[in-house]
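Novice: Have a look at this fold, sequence not included:
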Ligand code: GLV
């Protein structure tokens, strides 16, 4: 059996995999070129990968022996899931273990944007904080008592709602399939967009959800409202969002972008009305370890023909 790993992994993990299979591991921090991925996976039984390595239908077409793709991520939008199903390839991912870290970071963005944390930090570092406490310095908005609209009410959306209850927020939500969760009012998407002080995205990126927050949806949001995105950049029309932030009408806290890494030339980088993070929703040492361990468990289960602990579609 052969396992292809598309990113550098610790020696201990290499030893574990090598006990079960021939291992071919991409050792560079630079992404693996498509031609190498195709070449290495033509005779591979399994791929261990991350969300920065697209597994396209082209790759799957050449990988005739492939049985399992195990990704160290909950999101699977980098994998052509339809083509994987067609080729009989099962997919393992890492739901659950990153829920709390991602929900924590969502709150960090809500508070960071509302209380202008990055602007305050920049003010001090630039030497521009010259006259001490002032009554109107960096006035922001309270999270306490805000109406927060969650688009997507899966585990992460629900974990965000649980945290918001501590802030006395009114939580409203929309989900593709209706979900009844105590303390959360289920509303339609338009009502959510036009009512919330903060709109937060917790929905998977699929062909149906690409661009779901476009110019029209952003225009429905209240003056001064905030968009938080810790899900996927392509859910939002980024150019339309830039225009709304530029005009001063909306604010945003973003962890994800249509293009990653976000180019420095992006207008977002010039706008003080947003806080930008480099896709670190799950980036705590504990969570990343748990994700890697779950991905390895998925990989080994797949290689041994057992049920995956976290198979896409089974949870
Ligand atoms: C992170 O974005 C993930 O999908 O795990």
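Specialist: Yep, that arrived. All values derive from a computational prediction rather than experimental measurement. Numbers count the residues shown, from 1 in each chain.
Novice: gap between the most centrally placed residue in the chain and residue 17?
Specialist: When C-alpha atoms, centre = their mean is applied to the chain, the residue found nearest the centroid is residue 231 (3.5 Å). The spacing between residue 231 and residue 17, counted by C-beta to C-beta, to the nearest Å, is 30 Å. Quick note: C-beta positions are derived from backbone N, CA and C, even for glycine.
Novice: Check residue 33 too.
Specialist: Distance of residue 33 to residue 17, given as C-beta to C-beta: 22 Å.
Novice: the more surrounded of the two?
Specialist: Using other C-beta atoms under 10 Å, the more surrounded residue of residue 33 and residue 17 is residue 17, with 21 against 11.
Novice: From the ligand, how far off is that one?
Specialist: Going from residue 17 to the ligand by C-beta to the nearest ligand atom, to the nearest Å gives 21 Å.
Novice: Check whether that residue really touches residue 3, as I assumed.
Specialist: Yes: counting by C-beta atoms under 8 Å, residue 3 is a contact partner of residue 17 at 5.3 Å.
Novice: what sits in contact with each of these two?
Specialist: Common neighbours of residue 17 and residue 3 (criterion: C-beta atoms under 8 Å, 6 or more residues apart in numbering): 23, 48, 299.
Novice: Which helix or strand lies directly C-terminal to the helix or strand the first one falls within?
Specialist: What it means is residue 23. Take DSSP states H and E as the rule and residue 23 turns out to sit in strand 22-25. Using DSSP H and E, the helix or strand that follows strand 22-25 in sequence is helix 34-41.
Novice: If you count neighbours, what's buried in that following helix?
Specialist: 37, 38, 40, 41 (16 or more other C-beta atoms under 10 Å).
Novice: Tell me the one of those nearest the ligand?
Specialist: residue 37 (19.4 Å; C-beta to the nearest ligand atom).
Novice: how deep is the nearest residue to that closest one once chain neighbours are set aside tucked in, by neighbour count?
Specialist: Of all residues not flanking residue 37 in the chain, residue 59 sits nearest, at 5.8 Å (C-beta to C-beta, 6 or more residues apart in numbering). Around residue 59 there are 23 other residues, counting by other C-beta under 10 Å.
Novice: now residue 59, what's its secondary structure?
Specialist: Three-state assignment for residue 59 (DSSP: H, G, I helix; E, B strand; the rest coil): helix.
Novice: returning to that earlier point: confirm for me that the residue nearest to the centre of the chain is in contact with residue 201.
Specialist: Yes: with contacts counted by C-beta under 8 Å, residue 231 reaches residue 201, the gap being 4.5 Å.
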